[in-house]
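Peer 1: coordinates only, sequence not included:
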């Protein structure tokens, strides 16, 4: 399998854990994996981007422009910022719940992500999900990363087995949060399956 996946969001959303679960799951299925993270101002709500390249065709951890098969976007503006990586037949899984940037506190722009979502609707093949709403059902916004991972897996575009991913979640998530994270993954998996078919 050869697959290029870009995960993008802002600091504190769990993008790095999601990328590590994908990489570890792919390696568990005997794939070669290269990955790289750009975390920058992550602790201050700044952009976080992870590249995960699966397969023997990848010689660098960074995905070239217009080559990503899948973008998992935790925040609409971050998906738009990274859309140049998506291939013409790629898919973006997009959380529609916006995270206001720090600059919003200096000068209110009214940013709510709606313009970004309109742009993506017109230009990209997307699965949209209201992550805030779905996470309310799960009891915490902290499950967003695993929910979006589940949607990507359920869509069929990740091409990694559901059992392999759940096994990696069990290994990498603290015991007290394991059950809820598995619930979030399975919830997302069903959403992805329904939206892509």
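Peer 2: Arrived safely, thanks for sending. Note that this is a predicted model, so its numbers are computed, not measured. Numbers count the residues shown, from 1 in each chain.
Peer 1: Show residues contacting the helix or strand bottoming out on mean pLDDT in the chain.
Peer 2: None of the helices or strands of the chain scores lower by mean pLDDT, DSSP states H and E than strand 33-38, at a mean of 92. Strand 33-38 is contacted by residues 16, 19-20, 23, 26-27, 47-54, 58, 60-62 when judged by Cβ atoms under 8 Å, 6 or more residues apart in numbering. For every residue, glycine as well, the C-beta is placed using N, CA and C.
Peer 1: try 6 Å
Peer 2: When contacts are defined by Cβ atoms under 6 Å, 6 or more residues apart in numbering, strand 33-38 is touched by residues 16, 23, 26-27, 49-54, 58, 61-62.
Peer 1: now swap in stretch 170-184 and tell me
Peer 2: Identification of contacts with stretch 170-184 by Cβ under 6 Å, 6+ apart yields 138, 143, 146-147, 169.
Peer 1: Can you tell me which of those residues lies closest to residue 39?
Peer 2: Of all the contacts of stretch 170-184, residue 39 sits closest to residue 146, with 19.1 Å by Cβ to Cβ.
Peer 1: Return the distance of that closest one relative to residue 3.
Peer 2: 19 Å (Cβ to Cβ, to the nearest Å).
Peer 1: between the contacts of stretch 170-184, which has the most around it?
Peer 2: Within the contacts of stretch 170-184, residue 147 tops the neighbour count with 30 neighbours, counted by other Cβ atoms under 10 Å.
Peer 1: name the element that residue belongs to?
Peer 2: Using DSSP states H and E, residue 147 maps to helix 144-154.
Peer 1: does the spatially most central residue of the chain sit in a helix, a strand or a coil?
Peer 2: Centroid check for the chain by Cα atoms, centre = their mean gives residue 72 as the closest residue, at 2.8 Å. Classification of residue 72 by DSSP: H, G, I helix; E, B strand; the rest coil places it in strand.
Peer 1: which strand residues sit across from it in the sheet?
Peer 2: residue 7, residue 93 (DSSP bridges).
Peer 1: That one contacts residue 148, doesn't it?
Peer 2: Yes. When contacts are counted by Cβ atoms under 6 Å, residue 72 is listed as touching residue 148 (5.3 Å).
Peer 1: Pull up the overlap in contacts between these two.
Peer 2: Common contact partners of residue 72 and residue 148 (Cβ under 6 Å, 6+ apart): residue 93.
Peer 1: Extract the residue ranges of this structure that are flagged as low pLDDT.
Peer 2: Counting by pLDDT under 70, the chain contains low-confidence ranges at 40-45, 105, 197.
Peer 1: need the longest helix for it.
Peer 2: In the chain, taking DSSP state H as the definition, the longest helix is helix 175-196.
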